Every structure is written in structure tokens, then in C-alpha cells.
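Asks: Sequence and predicted model, in that order:
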Amino acid sequence: MGEPASPNAVTELLVRWNEGDLASRDALIPLVYDELRRIARKYLAGQRHDHTLQPTALVHEAYLRLVNRKANWQGRTHFFALAAQVMRHILVDHARMHKASKRGGGSFTLVLEEEAGFAKETSLDLIGLDRAMKRLASLDPRQCQLVELRFFGGLSIEEAARVVEISPATAKREWATARVWLHHAMENGAEA
């Protein structure tokens, strides 16, 4: 695995892509590929041993969906935020297809920080997590977006705060609140 690309290099390519330079789009993949694979491996690590979706396939599918999307890229953080959103949808769709074909599918390991007051890893249903996140989005869209950015996108508090245009202190408080809310919702159903 190579060194991470500088945020400026990624942002420069995204800006040129916005301007219609398709060569910049093509030059982007080597710069973001390792980071996307790292994120994909993290989320697929807790899957069942016979899971058919591999990190490489998740990255390729997410990248294809991203390049076929009309977006006004605002920089590296915005790109990874949208990548997180796309990966979440791919994982949920995959879990739904598996669950439809075999009872008990959709199992996923959610890694939450222990500072929230509960276990670091909790095994849960990805489809249930998606339902809970949709409920959270209806109550507080910004908190849902923070969860998506941090959990699915792997962004830091500072990066996520920049994306949602709030201070890091506010992002940290809302992240903590959202984690606790999701934990409660997953234990008691999405109606929590």
C-alpha cells in the first residue's frame, strides 16, 4: 500500500474534473484507491466467512457509481463523504439481497468507540442499522450525516465537521449523541 495522496492533489484533480477534464477523473483513482480499500476492508472485516462481497468489489462498485454521478466536487473530504454514502447503499443493498435469499443475512459488525459507554464492537443487522439511520435522519439529518461520514467514510471529527459546516466541538457532541441514539435504537428497534 502506498502513502496517502496529499489532500491538495486530490482536491486539485476533483476541481479539474468539475471543469470537465476527464483525464483528471482517471488520474484520481490511483490517489484514492488505497484509502477506499482501507475503508472497505474495515467494514467487511466483521462479515460472515462466506461473504460474497469483497473489498475490491465494493471499491470498484462505489467508484463506478461516483464517476457516473454529476457532482460539484468541493474537495477530498466531500469526495470521501459521498464515497461513504455510496458504500453504505451498496452494503445495505447487498445485505438485503442476501437476506432475501437466505434467512439471517445482513449481519454486520459495527465498531463504536468505547467512550460512548458500551462495547467497542457490537454485532448487528446492517439492514436494521440502515432503518435506524433513516429514522435518525428524519429526527436530525446532520447527526445522521455525521454517522455516515465517520462510520462509513472513516473521516475524522475535523473532516466531518468541515463537510457539514460546523465546529469540531459541535461535531464531537453530535457524534457522541448520535452514537448513543443509534445504540439505543439498535437494541430497541428503529422506533426508539
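Replies: Yep, that arrived.
Asks: How many neighbouring residues does the residue nearest to S167 when sequence neighbours are not counted have?
Replies: With sequence-adjacent residues excluded and distances taken as C-beta to C-beta, 6 or more residues apart in numbering, S167 is closest to A161, at 6.2 Å. For the C-beta atoms, the positions are set from N, CA and C on the backbone; glycine is no exception. Neighbourhood size, A161 [other C-beta atoms under 10 Å]: 22.
Asks: which residues are contacting the helix or strand harbouring H60?
Replies: Assigned by DSSP states H and E, H60 belongs to helix 55-67. With contacts defined as C-beta atoms under 8 Å, 6 or more residues apart in numbering, helix 55-67 is touched by 25, 29, 33, 36-37, 40-41, 43-44, 79, 82-83, 86-87, 90-91.
Asks: ok so, going back, kindly confirm my reading that the residue nearest to S167 forms part of a helix.
Replies: Yes: when DSSP: H, G, I helix; E, B strand; the rest coil is applied, A161 is found to be in a helix.
Asks: ok so, going back, may I ask which two of the contacts of helix 55-67 are separated the most?
Replies: R25 and L44 (25.7 Å; C-beta to C-beta).
Asks: For stretch 141-151, which outside residues touch it?
Replies: Applying C-beta under 8 Å, 6+ apart, the contact partners of stretch 141-151 are 81, 84-85, 88, 110-111, 133-134, 136-137, 155, 157, 159-160, 163-164, 166, 171, 174-175, 177-179, 181-182.
Asks: which parts of that stretch are buried?
Replies: In terms of neighbour count (16 or more other C-beta atoms under 10 Å), stretch 141-151 has its buried residues at R142, Q143, C144, Q145, L146, V147, E148, L149, R150, F151.
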